[in-house]
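K.L.:
what's the 3D shape of this:
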Amino acid sequence: MLGGSVWVSFFRNGLGAGLMLAVFMLLEHPAASRKKLIAGCVLFWLLVTVCYSFWYLMDRENFVRFAGLLSIPVVGIFCLWIGRDSLYLSLYKLTLGFYLLSVTVFCGIDFSRLWFGGNPWADIIVRILLVAVIVYLLVRKIRKSFLEGAEYLREEMDWFSAVTLLLSVLIASLVAFWPGSHDFSVLRIGRTAILLFMTGLIQYMVFHLYLHRGKEKRYRTEHELIEMNGQLIRRQLALLSQTKEDREEEGSKKKSFCENKTIDRLLTAYKSLAERENIQVDMCVKMAGNTAVREIDLAVVLVCTIENAIRGCIESKSTNPQIHLSVIRKGKKLVILCRNTCASNVKIKESVPESGMGDGAGSAGMMRVVSFYQGEGDFSAENGIFTVRILLNSAKGLQTVP
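P.N.:
Purely as a prediction, here's the structure:
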């Protein structure tokens, strides 16, 4: 550290806290409204800056030793509180912000000592320029691609990635912040620069490693869905062939379930199939407009749900089996609710039915679609009634469809 007055400390602390907050929030989907988010960040930034400056004024020696290292828990707790990303992805953004803070501290201090005789204001000017460049690059070059890849990172990042990042950044930060061996020499500057470069390389490699893993997993899931969709389409065509004559005879008398012709024919075919098994079927579909859920994905969920319901009714041996299905659009969400008669021995294990649901392939495919749209799926069985609740976040699906 170059020392300086309390005002010099105030500017340094403000730049450091502001940089970490800027990195985190520029790479974050905010949970709160934009105005509340900005107001909360400004108040927190001011509080941290004032408290750190007061600490510098009262106990400069311990401030120099521990202030930098304490930036992670102090700023991190606030960011985790206002953010909505997963823990691991939030930790990645925090370590990235702290790494960039370490780089600005190292460059500011050593540039000032190398060219301006250790002038503290030169240190501050260098930091301001570096922060401006970092924020510019984040906004213009990094933010968009990071947010596009965040979906994959949320699914793949784990404790191993978080611990790796934290350890690498903490090791590098000890060099940048710990004052024990900061004697001015070209050797020390070179060693510190190499260490910071290696730490940045680890950050970059971890990001791309888990991004690649997430994309590969998504593509594999898509491939499995395509294969299953082919089977479902063949099943649908067979059902449509069976009900073709019935539809021609009834003509306009047959009720249309929805505006989507494919989904309407699918529901009509399965309703006819269920009625052939003497199952009473009641369907309510309210999904006018573009749901942003792909037609084939919605077909997968509906086919799996109805086939499982028909199978459950048959296995129940009930004299009056029933299926009640509703598909309702609520804003940007699509809610699917199905209740059907089932056997009394149906059990739910780890949120998936153990019996009454065939070989489980259909349920697995349905849940992959739910996961793709960042939705929710719930199964329950009580008093001979099996209930399926599916929620698809159609806005999410629209953003992530490759």
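K.L.:
The stretch 1-150 of the chain: helices as residue ranges?
P.N.:
6-26, 34-58, 60-66, 71-82, 87-115, 120-137, 143-156 (DSSP state H, counting those that start in this stretch).
K.L.:
Give the next helix or strand downstream of the helix or strand Ile194 falls within.
P.N.:
The secondary structure element spanning Ile194 is helix 186-250 (assigned by DSSP states H and E). Next along the chain after helix 186-250, taking DSSP H and E as the criterion, comes helix 261-276.
K.L.:
Give me the buried positions along that following helix.
P.N.:
Judged by neighbour count using 16 or more other C-beta atoms under 10 Å, the buried positions of helix 261-276 are 263-274. Every residue, glycine included, has its C-beta placed from N, CA and C.
K.L.:
mind giving me JSON lines with these and columns for distance to Ile38 and pLDDT?
P.N.:
As requested, the buried residues of helix 261-276 are exported to JSON lines (distance: C-beta to C-beta, whole Å; pLDDT from 0 to 100):
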{"residue": "Ile263", "distance to Ile38": "43", "pLDDT": "81"}
{"residue": "Asp264", "distance to Ile38": "47", "pLDDT": "82"}
{"residue": "Arg265", "distance to Ile38": "50", "pLDDT": "79"}
{"residue": "Leu266", "distance to Ile38": "47", "pLDDT": "82"}
{"residue": "Leu267", "distance to Ile38": "47", "pLDDT": "86"}
{"residue": "Thr268", "distance to Ile38": "52", "pLDDT": "84"}
{"residue": "Ala269", "distance to Ile38": "53", "pLDDT": "81"}
{"residue": "Tyr270", "distance to Ile38": "50", "pLDDT": "85"}
{"residue": "Lys271", "distance to Ile38": "52", "pLDDT": "87"}
{"residue": "Ser272", "distance to Ile38": "57", "pLDDT": "84"}
{"residue": "Leu273", "distance to Ile38": "56", "pLDDT": "85"}
{"residue": "Ala274", "distance to Ile38": "54", "pLDDT": "89"}
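K.L.:
nearest to Lys286, of the helices of the stretch 1-150 of the chain?
P.N.:
Between Lys286 and these, the shortest gap by C-beta to C-beta is with helix 143-156, which sits at 28.7 Å.
K.L.:
Tell me if Asn320 really is in a helix.
P.N.:
No. Following the definition DSSP: H, G, I helix; E, B strand; the rest coil, Asn320 is coil and is not counted among the residues of a helix.
K.L.:
beta partners of the nearest residue to it once chain neighbours are set aside?
P.N.:
By the measure of C-beta to C-beta, 6 or more residues apart in numbering, the closest residue to Asn320 outside its immediate chain neighbours is Gln280, 7.1 Å from it. With DSSP bridges applied, Gln280 shows beta-bridge pairing to Gln322.
K.L.:
Gln280 and Ser318 touch, don't they?
P.N.:
No. Distance between Gln280 and Ser318: 10.4 Å, which falls outside the contact criterion (C-beta atoms under 8 Å).
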